[in-house]
Every structure is written in C-alpha cells, then in structure tokens.
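Student: What would the 3D arrangement of this be:
(one chain, ligands or ions: 4)
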Amino acid sequence: MATQGQVITCKAAVAWEPNKPLTIEDVQVAPPQNGEVRIKILYTALCHTDAYTWSGKDPEGLFPCILGHEAAGIVESVGEGVTEVQPGDHVIPCYQAECGECKFCKSGKTNLCGKVRAATGVGVMLSDRKSRFSINGKPLYHFMGTSTFSQYTVVHDVSVAKIDPKAPLEKVCLLGCGVPTGLGAVWNTAKVEPGSIVAIFDLGTVGLAQRVQKLLGIDIDSKKFERVTEFLNPKEHDKPIQQVIVDLTDGGVDYSFECIGNVSVMRSALECCHKGWGTSVIVGVAASGEEICTRPFQLVTGRVWKGTAFGGFKSRSQVPWLVEKYMNKEIKVDEYITHSLALAEINKAFDLMHEGGCLRCVLAMHE
Ligand SMILES: NC(=O)C1=CN([C@@H]2O[C@H](COP(=O)(O)OP(=O)(O)OC[C@H]3O[C@@H](n4cnc5c(N)ncnc54)[C@H](O)[C@@H]3O)[C@@H](O)[C@H]2O)C=CC1
Ligand SMILES: N[C@@H](CCC(=O)N[C@@H](CSC=O)C(=O)NCC(=O)O)C(=O)O
Ligand SMILES: [Zn+2]
Ligand SMILES: [Zn+2]
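Tutor: Ligands and ions are numbered 1, 2, ... in the order given. You can find the predicted model right below:
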C-alpha cells in the first residue's frame with residue numbers, strides 16, 4: 001500500500017521520562033513537509049550519547065522523545081523541494097547536518113552546520129517548529145534531528161547521506177556516529193602522524209575506532225583489554241593515571257583522546273601529554289553543569305586542548321565516502337558489533353551497554 005502523503009503508524013521506543021524504561025508504542029509519523037525526508041529505519045545501533053540524554057543529564061534533553069542517532073534505512077517519501085534523495089534510496093541519517101550554504105559550512109574550518117541546529121536542539125522540525133511524531137495527538141520530541149529508535153522517522157534533507165545500495169545496512173549503520181567519530185578524531189581533529197604515541201581513555205566503540213600504531217588503552221572495564229596490546233586500568237594504580245603514563249612514555253604521549261565524558265579523566269588526558277607539543281582531544285560528552293579544569297601552566301608549556309564533533313567529518317559529503325572505504329575493506333566496522341537484538345529488546349540493549357563487554361548493539365527494527 002502506498003504510504004506517501006499518509007500518516008504512518010509504526011512501532012517506536014518512547015522515552016517518557018529520564019531513566020524510566022523505554023516503552024514500545026504505536027506512534028503516528030506525519031508525512032515529510034518542505035525540505036524533509038521520511039525514512040524507513042531498518043537498523044539502529046545504540047551510542048552512549050543516547051544513554052546520556054536518557055539519563056536526564058543532557059541540558060538539551062526533552063521528554064517524551066524518541067532517541068537514537070546511529071542508523072541506516074531507506075527513503076520512504078520526500079517533501080516538497082527535496083532534490084538530492086528520492087524514495088528507495090539507501091541512506092544514513094546524520095545528526096550533524098551539512099547544508100553547504102550557512103556560514104559554518106562555507107567557512108571550510110568546521111563540520112558544524114548552522115542550518116537546522118536550533119530546531120534539532122529543541123526537538124522539532126525547522127519549517128513549522130513542530131514534531132512529526134505523536135501518539136493519539138500528543139506530540140513526542142525529536143532527538144538530535146534523527147530519532148532512529150522508530151521504524152519510520154522524519155529528518156531534514158540536509159541531514160541525510162545517500163549511500164551505496166550494496167552496503168549492508170545492518171553494519172554501516174555504525175557509520176552514523178561512533179566509528180566516524182573515532183576515526184575522524186585521529187585523522188581530522190588531531191591529525192596524528194605515523195609513529196606517534198597515543199593514549200586513548202576508554203576502549204568503547206569511539207575509543208577503539210581510533211586505530212593508531214602505538215596505542216595505550218586506558219579503561220576500567222578489563223574485558224575490553226583483549227582488543228589492544230598495551231593497556232592500563234586506573235583502578236590498579238595508586239598514582240594519578242597521568243603520572244603513570246608520563247613515567248611510562250618518557251615525558252608523556254604525543255596525543256590523547258578522552259571518549260568517556262568524565263571531566264576528571266579529561267584533565268588526566270591533557271596532563272599525560274608531552275610538554276611542548278602534546279595534544280588532547282575531548283570526544284566524550286559531559287553532563288550539564290560539568291566543567292573542565294587544569295593549571296593554565298599545562299597550556300603555557302605547549303600542550304593543546306581541543307574537541308571534536310562527529311570526528312570533524314562533513315556528514316553528507318563524507319559519510320558516503322566512509323561507506324565506500326568500508327566496502328573496500330579500508331576501514332573496520334563489523335568488529336565493533338558485539339550484539340544484535342530486535343527493537344522490542346531495546347532496554348536489554350541499554351543494560352548490555354552498561355554491563356561492560358559490549359561495544360555496539362545493533363537493533364533490527366522490523367523483526
Ligand atoms: N563528540 C562526538 O561527536 C561524540 C561523542 N560521543 C561520546 O563519546 C563517549 C563514548 O561513547 P561510546 O564509545 O558510545 O561509549 P561506550 O559505552 O561504548 O564506551 C565507554 C567506555 O568508557 C569506559 N569508562 C567509563 N568510565 C571510565 C573511566 N573513569 N576510566 C576509563 N574508562 C572508563 C567504559 O568501560 C567503556 O568501555 C560518550 O561520552 C559519548 O557521549 C559519542 C559519539 C560522538
Ligand atoms: N545536547 C548535548 C550535546 C552533546 C554533544 O556534544 N553531541 C555531539 C555528538 S554526540 C554523538 O553521539 C555533537 O555533535 N555536538 C555538536 C552539536 O552541535 O551538538 C549537550 O548539550 O550536552
Ligand atoms: Zn553517537
Ligand atoms: Zn550549513
């Protein structure tokens with residue numbers, strides 16, 4: 001049955017309140033309006049940022065909402081004025097938009113895009129500042145402009161990357177967030193040179209995706225250690241972990257990455273960098289009210305503190321390129337998928353994320 005122009009009723013996992021188990025509901029998904037695309041989501045993974053917003057610590061978190069932002073699917077229909085995708089196209093929704101026209105996109109200095117960010121930050125669509133999701137007339141907020149924990153979602157056209165239809169959607173869904181963030185933090189943000197000594201604070205998906213030659217992995221979950229050759233568990237040392245690393249590496253590392261969202265670990269990550277040139281990149285998302293601190297002397301003596309969003313990748317232009325790299329076996333994705341479940345098991349998937357041993361859990365949305 002043709003669904004174009006019709007409201008679609010489908011299953012979605014709804015977050016009604018912070019920390020309350022998600023419930024699978026029948027939700028109504030309105031047709032896409034001007035400049036919007038409705039996508040049938042086939043696979044979505046869970047990222048720690050979903051858990052972060054669900055926890056209530058995200059200052060932009062709004063409830064009730066439909067979380068999810070690491071997914072792949074097929075365009076079901078498009079709104080007026082949409083020219084770059086059409087029904088049937090295989091796509092990855094991108095929480096970091098790319099319009100090509102705003103001052104951010106034109107600057108050439110950043111992958112951040114300003115076109116729809118104000119609307120996505122408050123859970124609505126740009127054209128009428130309303131949600132396309134509802135349950136019996138009660139609106140549900142969108143999340144990160146993607147809301148992929150729904151069998152159908154509506155996104156802005158500037159937030160859709162069209163990909164090779166031969167790519168396995170159950171795998172390349174990870175290219176919607178975690179893997180590009182890790183790779184891009186190394187390639188684009190830090191620009192790590194071959195031979196550099198690198199400390200990665202945590203061996204989750206974003207951390208592990210940072211494939212570099214000389215890697216020192218730091219995590220409190222020892223189940224993750226089998227994935228790297230050199231590792232440290234801060235719980236097994238009396239000295240501050242930055243001191244342990246400085247002692248081990250003849251003065252500190254060339255680069256470090258914090259992929260946890262813990263401001264005290266962010267400080268350790270900066271302070272384990274080598275005097276004169278060490279660069280630390282913040283990837284992890286810290287809760288509302290948290291602030292970073294260090295002695296300014298750390299920066300005066302040449303250490304550099306930076307951050308990255310989506311690894312600095314321009315989403316619509318570079319996600320298709322990352323998919324090609326995956327298809328050519330130039331980047332790894334499959335290795336990060338440790339669990340596969342159905343949408344109905346989403347709360348179990350979040351439990352797995354928190355239990356340790358889990359990297360990415362991919363949910364099949366229509367099983
Ligand atoms: N900046 C960006 O664009 C993005 C940021 N993120 C953020 O990156 C972080 C990581 O995300 P995921 O890889 O999905 O998380 P994950 O849940 O897969 O991994 C987190 C890891 O941190 C470890 N950990 C927790 N506390 C620790 C501590 N005190 N010391 C050492 N290790 C510790 C855990 O054992 C786990 O291995 C999150 O904060 C997430 O919100 C995720 C994607 C994009
Ligand atoms: N609403 C959050 C913002 C969290 C954040 O920094 N998000 C990252 C992506 S995390 C993906 O898993 C990001 O891209 N930030 C740039 C942006 O424009 O949001 C908060 O306020 O803490
Ligand atoms: Zn994410
Ligand atoms: Zn833009």
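Student: Give me every residue in this protein lying close to ligand 4.
Tutor: 99, 102, 105, 113, 115 (Cβ under 5 Å from the ion). The way it works is simple: take the backbone N, C-alpha and C, and place the C-beta from them, glycine included.
Student: Point out the ones among those residues that are inside helices.
Tutor: residue 105 (DSSP state H).
Student: Settle this for me: residue 103 is touching residue 113, isn't it.
Tutor: No. Counting by Cβ atoms under 8 Å, residue 113 is not a contact partner of residue 103; they are 9.8 Å apart.
Student: related to what we said a few turns ago, who wins for most neighbours among the residues of the chain next to ligand 4?
Tutor: residue 113 (23 neighbours; other Cβ atoms under 10 Å).
Student: which residues touch it?
Tutor: By Cβ atoms under 8 Å, 6 or more residues apart in numbering, the contact list for residue 113 reads 96-99, 102, 104-105, 158, 315.
Student: since we're on the residue nearest to residue 187 when sequence neighbours are not counted, how many residues are nearby?
Tutor: Among residues not flanking residue 187 along the chain, residue 311 sits closest, at 7.4 Å (Cβ to Cβ, 6 or more residues apart in numbering). A count of nearby residues for residue 311, using other Cβ under 10 Å, gives 27.
Student: now residue 174
Tutor: 30.
Student: now swap in residue 292 and tell me
Tutor: 15.
Student: One more: residue 297?
Tutor: With other Cβ under 10 Å as criterion, residue 297 counts 8.
Student: next one: the one 5 residues further on
Tutor: Counted with other Cβ under 10 Å, residues neighbouring residue 302 total 13.
Student: ok, so what distance separates the closest residue to it other than its chain neighbours from ligand 4?
Tutor: Once flanking residues are discounted, residue 302 sits nearest to residue 276: 4.1 Å by Cβ to Cβ, 6+ apart. Distance, residue 276 to ligand 4, using Cβ to the ion, to the nearest Å: 36 Å.
Student: ok, now residue 342?
Tutor: Taken as Cβ to the ion, the span from residue 342 to ligand 4 is 36 Å.
Student: now do residue 266
Tutor: From residue 266 to ligand 4 the distance is 28 Å (Cβ to the ion).
Student: ok, then the element right after the helix or strand encompassing that residue?
Tutor: Secondary structure from DSSP states H and E places residue 266 in helix 263-271. Downstream of helix 263-271, the next assigned helix or strand under DSSP H and E is strand 279-282.
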